[in-house]
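Q: Need a 3D model of the sequence below.
(one chain, ligands or ions: 1)
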Amino acid sequence: MPLDSWSSLAAGEQLVLESLFWSKAASRHEIATRLRQSKSKSNAVVAALIAQGLVMEAGQVANGAGRPAEMLRISDNLGVLLAIDIGATSMSVAVLTPNLAILALHNEAVDVRDAQQGPAVVLARARTRALELLARRGKKAGDVLGIGIGVPGPVNFETAQLVNPPLMPGWGDFSIRDFLRDSFRAPVFVDNDMNIRAIGELRQLHRTVSNFLVIKVGTGIGCGIVCEGKIYRGATGSAGDVGHICVDINGPRCHCGNVGCVEAMAARPAVERMAAEAMERGDSEALRRHAQKEGVLDLAAVGAASREGDVVANRILQRSGTLVGQMLASVVNFFNPSHVFLSGSIVTIGPLFLAAVRQSVYQRSLALSTRHLHVQYSSLGDTGGITGAGVLAMQELLKSRSLR
Ligand SMILES: [Zn+2]
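A: So this is what the prediction gives:
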(Lines give C-alpha, C1' and ligand atoms only; values in the text may rest on other atoms or scores of the structure.)
Protein backbone atom coordinates (compact mmCIF):
# COMPACT_ATOMS: atom_id res chain seq x y z
CA MET A 1 0.00 0.00 0.00
CA PRO A 2 1.79 3.18 -1.10
CA LEU A 3 1.91 6.16 1.22
CA ASP A 4 -0.10 8.26 -1.25
CA SER A 5 -3.22 6.17 -0.64
CA TRP A 6 -3.70 7.79 2.72
CA SER A 7 -2.50 11.25 1.78
CA SER A 8 -6.02 12.44 1.12
CA LEU A 9 -7.70 11.42 4.35
CA ALA A 10 -10.81 13.28 5.45
CA ALA A 11 -10.57 14.82 8.94
CA GLY A 12 -12.98 12.20 10.34
CA GLU A 13 -10.90 9.38 8.90
CA GLN A 14 -7.74 10.75 10.46
CA LEU A 15 -9.47 10.91 13.87
CA VAL A 16 -10.55 7.28 13.66
CA LEU A 17 -7.04 6.16 12.67
CA GLU A 18 -5.51 8.11 15.58
CA SER A 19 -8.04 6.64 17.99
CA LEU A 20 -7.25 3.12 16.76
CA PHE A 21 -3.52 3.70 16.95
CA TRP A 22 -3.47 4.94 20.55
CA SER A 23 -5.86 2.25 21.80
CA LYS A 24 -4.16 -0.53 19.73
CA ALA A 25 -7.61 -1.88 18.76
CA ALA A 26 -11.23 -0.92 19.30
CA SER A 27 -14.75 -1.97 18.37
CA ARG A 28 -17.05 0.20 16.23
CA HIS A 29 -19.03 1.03 19.35
CA GLU A 30 -15.90 2.13 21.24
CA ILE A 31 -14.77 4.34 18.35
CA ALA A 32 -18.13 6.11 18.15
CA THR A 33 -18.20 6.62 21.94
CA ARG A 34 -14.64 7.89 22.07
CA LEU A 35 -15.13 10.35 19.22
CA ARG A 36 -18.58 11.36 20.52
CA GLN A 37 -20.14 10.64 17.16
CA SER A 38 -23.39 8.99 16.15
CA LYS A 39 -22.99 5.28 15.41
CA SER A 40 -24.13 5.72 11.81
CA LYS A 41 -21.63 8.51 11.08
CA SER A 42 -18.76 6.69 12.76
CA ASN A 43 -19.61 3.38 11.04
CA ALA A 44 -19.63 5.10 7.63
CA VAL A 45 -16.10 6.45 8.24
CA VAL A 46 -14.92 3.01 9.40
CA ALA A 47 -16.44 1.39 6.30
CA ALA A 48 -14.61 3.89 4.05
CA LEU A 49 -11.31 3.19 5.84
CA ILE A 50 -11.77 -0.58 5.47
CA ALA A 51 -12.61 -0.14 1.77
CA GLN A 52 -9.39 1.84 1.28
CA GLY A 53 -7.40 -0.90 3.04
CA LEU A 54 -6.34 1.39 5.88
CA VAL A 55 -8.24 -0.42 8.64
CA MET A 56 -8.67 -4.17 9.13
CA GLU A 57 -10.98 -6.35 11.19
CA ALA A 58 -8.93 -8.15 13.82
CA GLY A 59 -11.24 -10.78 15.28
CA GLN A 60 -14.13 -10.81 17.72
CA VAL A 61 -14.07 -10.39 21.48
CA ALA A 62 -16.78 -11.38 23.95
CA ASN A 63 -19.08 -8.51 24.82
CA GLY A 64 -20.93 -9.49 28.00
CA ALA A 65 -24.31 -10.99 27.20
CA GLY A 66 -24.53 -9.19 23.86
CA ARG A 67 -23.18 -10.14 20.47
CA PRO A 68 -19.37 -10.47 20.31
CA ALA A 69 -17.79 -7.19 19.12
CA GLU A 70 -15.58 -7.10 16.03
CA MET A 71 -12.29 -5.43 16.87
CA LEU A 72 -10.67 -3.06 14.40
CA ARG A 73 -7.11 -1.88 14.02
CA ILE A 74 -4.87 -0.07 11.56
CA SER A 75 -4.11 -2.42 8.68
CA ASP A 76 -0.78 -4.20 8.77
CA ASN A 77 -0.77 -4.07 4.96
CA LEU A 78 -0.17 -0.33 5.06
CA GLY A 79 3.61 -0.85 5.17
CA VAL A 80 6.23 -1.01 7.91
CA LEU A 81 7.93 1.38 10.31
CA LEU A 82 11.67 1.56 10.88
CA ALA A 83 12.74 2.16 14.47
CA ILE A 84 16.30 3.01 15.49
CA ASP A 85 17.30 3.47 19.12
CA ILE A 86 20.83 4.77 19.53
CA GLY A 87 22.25 4.77 23.06
CA ALA A 88 25.69 5.86 24.24
CA THR A 89 27.15 2.38 23.75
CA SER A 90 24.57 0.36 21.83
CA MET A 91 22.15 0.57 18.94
CA SER A 92 18.91 -1.28 18.19
CA VAL A 93 17.31 -1.36 14.75
CA ALA A 94 13.85 -2.85 14.17
CA VAL A 95 11.15 -3.27 11.57
CA LEU A 96 7.67 -2.83 13.06
CA THR A 97 4.11 -3.14 11.83
CA PRO A 98 1.97 0.05 11.96
CA ASN A 99 0.56 -1.47 15.18
CA LEU A 100 4.06 -1.67 16.65
CA ALA A 101 4.52 -5.45 16.56
CA ILE A 102 8.23 -6.16 16.15
CA LEU A 103 8.84 -8.05 12.87
CA ALA A 104 12.63 -8.09 13.05
CA LEU A 105 15.12 -6.71 15.57
CA HIS A 106 18.89 -6.34 15.71
CA ASN A 107 21.09 -5.07 18.58
CA GLU A 108 24.75 -4.19 18.34
CA ALA A 109 27.43 -2.25 20.16
CA VAL A 110 28.29 1.23 18.90
CA ASP A 111 30.07 4.07 20.68
CA VAL A 112 28.71 7.50 19.81
CA ARG A 113 31.29 9.03 22.16
CA ASP A 114 34.06 7.85 19.82
CA ALA A 115 34.84 10.62 17.31
CA GLN A 116 36.31 7.96 14.98
CA GLN A 117 32.89 6.36 14.50
CA GLY A 118 30.90 9.57 13.96
CA PRO A 119 27.34 9.89 12.61
CA ALA A 120 28.04 8.81 9.00
CA VAL A 121 29.60 5.52 10.17
CA VAL A 122 26.95 4.74 12.82
CA LEU A 123 24.02 5.64 10.56
CA ALA A 124 25.46 3.72 7.59
CA ARG A 125 25.52 0.68 9.88
CA ALA A 126 21.94 1.36 10.96
CA ARG A 127 20.89 1.64 7.30
CA THR A 128 22.63 -1.62 6.36
CA ARG A 129 20.99 -3.44 9.30
CA ALA A 130 17.60 -1.96 8.41
CA LEU A 131 17.86 -3.16 4.80
CA GLU A 132 18.90 -6.64 6.02
CA LEU A 133 15.97 -6.79 8.46
CA LEU A 134 13.54 -5.65 5.75
CA ALA A 135 14.86 -8.30 3.35
CA ARG A 136 14.51 -10.97 6.04
CA ARG A 137 10.77 -10.20 6.21
CA GLY A 138 10.40 -9.97 2.41
CA LYS A 139 10.12 -6.15 2.47
CA LYS A 140 12.02 -3.42 0.67
CA ALA A 141 12.95 0.22 1.27
CA GLY A 142 9.80 1.36 -0.55
CA ASP A 143 7.58 -0.38 2.04
CA VAL A 144 8.81 1.91 4.82
CA LEU A 145 6.09 4.37 5.88
CA GLY A 146 8.18 6.36 8.29
CA ILE A 147 11.35 6.23 10.37
CA GLY A 148 11.63 7.05 14.08
CA ILE A 149 15.01 7.53 15.75
CA GLY A 150 16.09 8.12 19.33
CA VAL A 151 19.52 9.59 20.08
CA PRO A 152 21.27 10.17 23.43
CA GLY A 153 21.46 13.97 23.28
CA PRO A 154 19.33 17.13 23.13
CA VAL A 155 17.33 17.41 19.89
CA ASN A 156 15.59 20.31 18.20
CA PHE A 157 12.50 18.32 17.30
CA GLU A 158 11.35 20.57 14.43
CA THR A 159 14.66 20.47 12.57
CA ALA A 160 15.47 16.90 13.72
CA GLN A 161 18.93 18.21 14.56
CA LEU A 162 21.02 17.45 17.65
CA VAL A 163 21.89 20.60 19.63
CA ASN A 164 25.47 20.69 20.98
CA PRO A 165 25.30 17.04 22.13
CA PRO A 166 27.87 16.66 24.93
CA LEU A 167 28.42 12.92 24.38
CA MET A 168 28.38 12.81 20.58
CA PRO A 169 31.31 14.46 18.78
CA GLY A 170 30.51 15.31 15.15
CA TRP A 171 26.73 14.78 15.42
CA GLY A 172 25.75 18.43 16.03
CA ASP A 173 26.02 19.60 12.42
CA PHE A 174 24.99 16.33 10.82
CA SER A 175 21.51 15.89 9.31
CA ILE A 176 20.26 12.43 10.30
CA ARG A 177 17.06 13.22 8.39
CA ASP A 178 18.82 13.93 5.06
CA PHE A 179 21.12 10.92 5.43
CA LEU A 180 18.26 8.43 5.87
CA ARG A 181 15.74 10.14 3.61
CA ASP A 182 18.07 9.60 0.66
CA SER A 183 17.88 5.83 1.21
CA PHE A 184 14.24 5.34 2.16
CA ARG A 185 12.23 8.26 0.76
CA ALA A 186 10.13 8.12 3.94
CA PRO A 187 9.71 10.87 6.54
CA VAL A 188 12.32 10.74 9.31
CA PHE A 189 11.56 11.82 12.90
CA VAL A 190 14.36 12.28 15.42
CA ASP A 191 14.01 12.76 19.17
CA ASN A 192 15.96 12.33 22.36
CA ASP A 193 16.17 8.67 23.46
CA MET A 194 14.31 9.41 26.70
CA ASN A 195 11.50 11.22 24.89
CA ILE A 196 10.91 8.19 22.66
CA ARG A 197 10.72 5.95 25.74
CA ALA A 198 8.17 8.32 27.24
CA ILE A 199 6.03 8.34 24.10
CA GLY A 200 6.29 4.54 23.90
CA GLU A 201 5.02 4.32 27.48
CA LEU A 202 2.22 6.77 26.67
CA ARG A 203 0.89 4.40 24.01
CA GLN A 204 1.42 1.35 26.20
CA LEU A 205 -0.88 3.10 28.69
CA HIS A 206 -3.39 3.99 25.93
CA ARG A 207 -2.92 7.65 26.97
CA THR A 208 -4.76 6.95 30.25
CA VAL A 209 -1.98 8.49 32.39
CA SER A 210 -1.17 12.17 31.77
CA ASN A 211 1.70 13.09 34.12
CA PHE A 212 4.54 10.61 34.42
CA LEU A 213 8.29 10.12 34.18
CA VAL A 214 10.33 7.40 32.50
CA ILE A 215 13.77 6.98 34.06
CA LYS A 216 16.43 5.03 32.22
CA VAL A 217 19.38 3.64 34.13
CA GLY A 218 22.02 2.38 31.72
CA THR A 219 25.43 3.77 30.75
CA GLY A 220 23.99 7.07 31.95
CA ILE A 221 20.80 8.14 33.73
CA GLY A 222 18.11 10.09 31.89
CA CYS A 223 14.46 11.00 32.24
CA GLY A 224 11.57 11.38 29.78
CA ILE A 225 8.73 13.64 30.86
CA VAL A 226 5.06 13.42 29.95
CA CYS A 227 3.22 16.52 31.17
CA GLU A 228 -0.54 16.87 30.62
CA GLY A 229 -0.46 14.04 28.09
CA LYS A 230 2.37 15.47 25.97
CA ILE A 231 6.12 15.01 25.80
CA TYR A 232 7.79 17.93 27.57
CA ARG A 233 11.07 18.79 25.81
CA GLY A 234 11.99 22.09 27.47
CA ALA A 235 13.22 25.36 25.97
CA THR A 236 16.25 23.86 24.23
CA GLY A 237 15.35 20.15 24.08
CA SER A 238 17.33 19.10 27.13
CA ALA A 239 14.55 18.67 29.73
CA GLY A 240 14.96 15.60 31.92
CA ASP A 241 18.75 15.63 32.10
CA VAL A 242 18.63 14.32 35.67
CA GLY A 243 21.86 12.28 35.54
CA HIS A 244 23.93 15.18 36.84
CA ILE A 245 21.84 15.96 39.90
CA CYS A 246 24.23 15.80 42.86
CA VAL A 247 23.49 13.07 45.42
CA ASP A 248 26.74 13.31 47.41
CA ILE A 249 28.84 16.47 47.69
CA ASN A 250 31.80 14.29 48.67
CA GLY A 251 31.19 11.86 45.81
CA PRO A 252 33.54 10.97 42.94
CA ARG A 253 34.14 13.27 39.97
CA CYS A 254 31.78 12.82 37.02
CA HIS A 255 32.72 13.14 33.33
CA CYS A 256 30.74 16.43 33.33
CA GLY A 257 33.32 17.98 35.69
CA ASN A 258 31.12 18.14 38.81
CA VAL A 259 31.27 15.77 41.77
CA GLY A 260 28.71 13.35 43.18
CA CYS A 261 26.40 13.19 40.13
CA VAL A 262 23.88 10.33 40.44
CA GLU A 263 25.05 9.05 37.04
CA ALA A 264 28.66 8.72 38.24
CA MET A 265 27.55 6.88 41.39
CA ALA A 266 24.59 4.70 40.41
CA ALA A 267 24.53 3.97 36.63
CA ARG A 268 25.67 0.66 35.17
CA PRO A 269 29.41 1.52 35.00
CA ALA A 270 29.37 2.49 38.70
CA VAL A 271 27.59 -0.77 39.65
CA GLU A 272 30.10 -2.80 37.63
CA ARG A 273 33.04 -0.90 39.13
CA MET A 274 31.82 -1.52 42.71
CA ALA A 275 31.34 -5.20 41.88
CA ALA A 276 34.85 -5.46 40.42
CA GLU A 277 36.34 -3.85 43.53
CA ALA A 278 34.42 -6.23 45.82
CA MET A 279 35.57 -9.21 43.76
CA GLU A 280 39.20 -8.08 43.86
CA ARG A 281 38.98 -7.78 47.63
CA GLY A 282 37.73 -11.37 47.66
CA ASP A 283 34.44 -10.29 49.29
CA SER A 284 32.06 -12.29 47.09
CA GLU A 285 32.40 -15.85 45.90
CA ALA A 286 29.18 -15.51 43.83
CA LEU A 287 30.47 -12.47 41.91
CA ARG A 288 33.74 -14.27 41.16
CA ARG A 289 31.89 -17.36 39.95
CA HIS A 290 29.53 -15.41 37.67
CA ALA A 291 32.35 -13.26 36.29
CA GLN A 292 34.24 -16.45 35.46
CA LYS A 293 31.20 -18.09 33.87
CA GLU A 294 30.27 -15.10 31.70
CA GLY A 295 33.87 -14.04 31.06
CA VAL A 296 33.02 -10.54 32.29
CA LEU A 297 31.72 -8.97 35.48
CA ASP A 298 28.83 -7.00 33.99
CA LEU A 299 25.45 -5.87 35.29
CA ALA A 300 23.88 -9.22 34.34
CA ALA A 301 26.46 -11.04 36.50
CA VAL A 302 25.75 -8.75 39.45
CA GLY A 303 22.01 -9.39 38.93
CA ALA A 304 22.54 -13.15 38.83
CA ALA A 305 24.59 -13.06 42.06
CA SER A 306 21.93 -10.89 43.69
CA ARG A 307 19.12 -13.28 42.77
CA GLU A 308 21.12 -16.06 44.46
CA GLY A 309 21.05 -13.95 47.60
CA ASP A 310 24.68 -12.80 47.51
CA VAL A 311 24.99 -10.14 50.23
CA VAL A 312 27.65 -8.08 48.43
CA ALA A 313 25.78 -7.96 45.11
CA ASN A 314 22.61 -7.04 46.98
CA ARG A 315 24.34 -4.23 48.82
CA ILE A 316 25.70 -2.78 45.55
CA LEU A 317 22.30 -2.83 43.82
CA GLN A 318 20.62 -1.45 46.92
CA ARG A 319 23.08 1.42 47.03
CA SER A 320 22.48 2.20 43.36
CA GLY A 321 18.70 2.10 43.87
CA THR A 322 18.89 4.28 46.97
CA LEU A 323 20.87 6.96 45.11
CA VAL A 324 18.51 6.88 42.12
CA GLY A 325 15.61 7.18 44.59
CA GLN A 326 17.30 10.11 46.31
CA MET A 327 17.57 11.94 42.99
CA LEU A 328 13.99 10.96 42.11
CA ALA A 329 12.62 12.31 45.40
CA SER A 330 13.61 15.87 44.41
CA VAL A 331 12.18 15.43 40.93
CA VAL A 332 8.93 13.93 42.29
CA ASN A 333 8.50 16.81 44.76
CA PHE A 334 8.99 19.27 41.92
CA PHE A 335 6.88 17.62 39.20
CA ASN A 336 4.27 15.60 41.15
CA PRO A 337 3.86 12.74 38.65
CA SER A 338 1.35 9.95 39.24
CA HIS A 339 3.73 7.29 37.89
CA VAL A 340 7.47 6.77 37.55
CA PHE A 341 8.56 3.97 35.19
CA LEU A 342 12.09 2.62 35.46
CA SER A 343 13.72 1.31 32.30
CA GLY A 344 17.11 0.36 30.87
CA SER A 345 19.27 -2.69 31.54
CA ILE A 346 18.78 -2.31 35.30
CA VAL A 347 15.16 -3.48 34.87
CA THR A 348 16.34 -6.99 33.97
CA ILE A 349 18.27 -7.65 37.16
CA GLY A 350 15.43 -8.41 39.55
CA PRO A 351 13.13 -6.73 42.08
CA LEU A 352 15.74 -5.57 44.58
CA PHE A 353 16.74 -2.42 42.70
CA LEU A 354 13.10 -1.36 42.39
CA ALA A 355 12.51 -1.96 46.12
CA ALA A 356 15.49 0.25 47.01
CA VAL A 357 14.34 3.04 44.67
CA ARG A 358 10.82 2.94 46.14
CA GLN A 359 11.98 3.01 49.72
CA SER A 360 14.28 5.94 49.06
CA VAL A 361 11.65 7.95 47.13
CA TYR A 362 8.91 7.45 49.72
CA GLN A 363 11.28 8.27 52.57
CA ARG A 364 12.46 11.53 51.07
CA SER A 365 9.49 12.89 49.14
CA LEU A 366 6.76 15.00 50.66
CA ALA A 367 3.64 13.05 51.60
CA LEU A 368 1.55 15.16 49.27
CA SER A 369 3.61 14.16 46.20
CA THR A 370 3.71 10.46 47.02
CA ARG A 371 0.13 9.87 48.16
CA HIS A 372 -0.84 8.51 44.75
CA LEU A 373 2.61 7.86 43.34
CA HIS A 374 3.36 4.54 41.63
CA VAL A 375 7.01 3.60 41.09
CA GLN A 376 7.40 0.53 38.88
CA TYR A 377 9.46 -1.09 36.13
CA SER A 378 8.36 -0.21 32.59
CA SER A 379 6.30 -3.04 31.11
CA LEU A 380 8.03 -2.41 27.77
CA GLY A 381 11.25 -3.88 29.21
CA ASP A 382 14.34 -3.37 27.10
CA THR A 383 12.37 -2.80 23.87
CA GLY A 384 11.03 0.52 25.20
CA GLY A 385 13.30 2.53 22.91
CA ILE A 386 12.38 0.60 19.76
CA THR A 387 8.67 0.72 20.55
CA GLY A 388 8.92 4.43 21.31
CA ALA A 389 10.71 5.19 18.04
CA GLY A 390 7.91 3.37 16.21
CA VAL A 391 5.22 5.28 18.12
CA LEU A 392 6.98 8.56 17.28
CA ALA A 393 7.06 7.72 13.56
CA MET A 394 3.41 6.61 13.44
CA GLN A 395 2.12 9.47 15.57
CA GLU A 396 3.86 12.07 13.43
CA LEU A 397 2.67 10.40 10.21
CA LEU A 398 -0.93 10.50 11.43
CA LYS A 399 -0.54 14.09 12.65
CA SER A 400 0.83 15.20 9.30
CA ARG A 401 -2.39 13.92 7.66
CA SER A 402 -4.54 16.19 9.79
CA LEU A 403 -3.10 19.29 8.16
CA ARG A 404 -4.87 18.63 4.90
ZN1 LIG B 1 27.86 14.84 36.07
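
Q: can we go C-alpha only for contacts and neighbour counts from here?
A: OK.

Q: Helix or strand: which one has the residue of the stretch 1-150 of the chain found nearest the ion?
A: With CA to the ion as the measure, Ala88 is the residue of the stretch 1-150 of the chain nearest to the ion, at 15.0 Å. Per DSSP states H and E: Ala88 is located in neither a helix nor a strand.

Q: residues of stretch 45-54 that come out buried?
A: For stretch 45-54, the neighbour count (16 or more other CA atoms under 10 Å) marks Val45, Val46, Leu49, Ile50, Gly53, Leu54 as buried.

Q: likewise stretch 27-36?
A: Ser27, Arg28, His29, Glu30, Ile31, Ala32.

Q: now stretch 77-91
A: For stretch 77-91, the neighbour count (16+ other CA under 10 Å) marks 78-89, 91 as buried.

Q: From Asp76, how far off is the closest residue to Asp248 other than its chain neighbours?
A: Spatial nearest neighbour of Asp248, excluding adjacent residues (CA to CA, 6 or more residues apart in numbering): Gly260 at 4.7 Å. To Asp76, Gly260 is 49 Å away according to CA to CA, to the nearest Å.

Q: what's the residue nearest to Asp248 sitting at in phi/psi?
A: Phi and psi for Gly260, reported as degrees, to the nearest 10, are phi 70, psi 20.

Q: give the contact list for it.
A: Contacts for Gly260 (CA atoms under 8 Å, 6 or more residues apart in numbering) come out as Cys246, Val247, Asp248, Ile249, Asn250, Gly251, Pro252, Arg253, Cys254.

Q: ok, and of those residues, which contact the ion?
A: For the ion, the contacts drawn from the contacts of Gly260 by CA under 5 Å from the ion are Cys254.

Q: circling back to that earlier point, show me the two of the buried residues of stretch 45-54 that sit farthest apart.
A: Largest separation among the buried residues of stretch 45-54 by CA to CA: Val45 and Gly53, giving 12.5 Å.

Q: and the stretch 151-300 of the chain, which residues reach the ion?
A: Within the stretch 151-300 of the chain, the positions adjacent to the ion are His244, Cys254, Cys256, Cys261 by CA under 5 Å from the ion.

Q: pLDDT score for the second one?
A: In this case it means Cys254. On the pLDDT scale, Cys254 is placed at 93.

Q: List the contacts of the residue lying closest to it once chain neighbours are set aside.
A: Leaving aside its sequence neighbours, Cys254 sits nearest to Ala264 (CA to CA, 6+ apart; 5.3 Å). With contacts defined as CA under 8 Å, 6+ apart, Ala264 is in contact with Pro252, Arg253, Cys254, His255, Ala270.

Q: and what of Val61?
A: Shown in contact with Val61 (CA under 8 Å, 6+ apart): Pro68, Ala69, Glu70, Met71.

Q: so the second one sits right up against Asn63, yeah?
A: Read it as Ala69. Yes - Ala69 sits in contact with Asn63 when judged by CA atoms under 8 Å, with a separation of 6.0 Å.

Q: more crowded one of the two?
A: Applying other CA atoms under 10 Å to Ala69 and Asn63 shows that Ala69 carries more neighbours, namely 17 against 10.

Q: next helix or strand past the helix or strand that contains Phe189?
A: Using DSSP H and E, Phe189 sits within strand 188-192. Per DSSP H and E, the first helix or strand lying C-terminal to strand 188-192 is helix 193-204.

Q: Following the chain onward from that next one, which element is next?
A: According to DSSP H and E, the helix or strand after helix 193-204 is strand 212-217.

Q: strands paired with that next one, and their directions?
A: strand 221-227 (antiparallel), strand 339-343 (parallel) (DSSP bridges).

Q: which stretches of the stretch 1-150 of the chain have low pLDDT?
A: The model of the stretch 1-150 of the chain has pLDDT under 70 over residues 1-7.

Q: Can you show me the strands along it?
A: 26-27, 55-61, 69-74, 80-86, 90-96, 102-109, 144-151 (DSSP state E, counting those that start in this stretch).

Q: deepest of the ones you listed, which one?
A: Neighbour counts (mean count of other CA atoms under 10 Å) averaged over each of the strands of the stretch 1-150 of the chain peak at strand 80-86, with a mean of 30.

Q: on that earlier part again, could I get the strands paired with strand 212-217 as a markdown table with mean pLDDT and distance to Leu287?
A: Shown next, in a markdown table, are the strands paired with strand 212-217 (pLDDT from 0 to 100; distance: least, CA to CA, whole Å):
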| stretch | mean pLDDT | distance to Leu287 |
| --- | --- | --- |
| strand 221-227 | 96 | 24 |
| strand 339-343 | 96 | 24 |
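
Q: Appreciated, that's everything.
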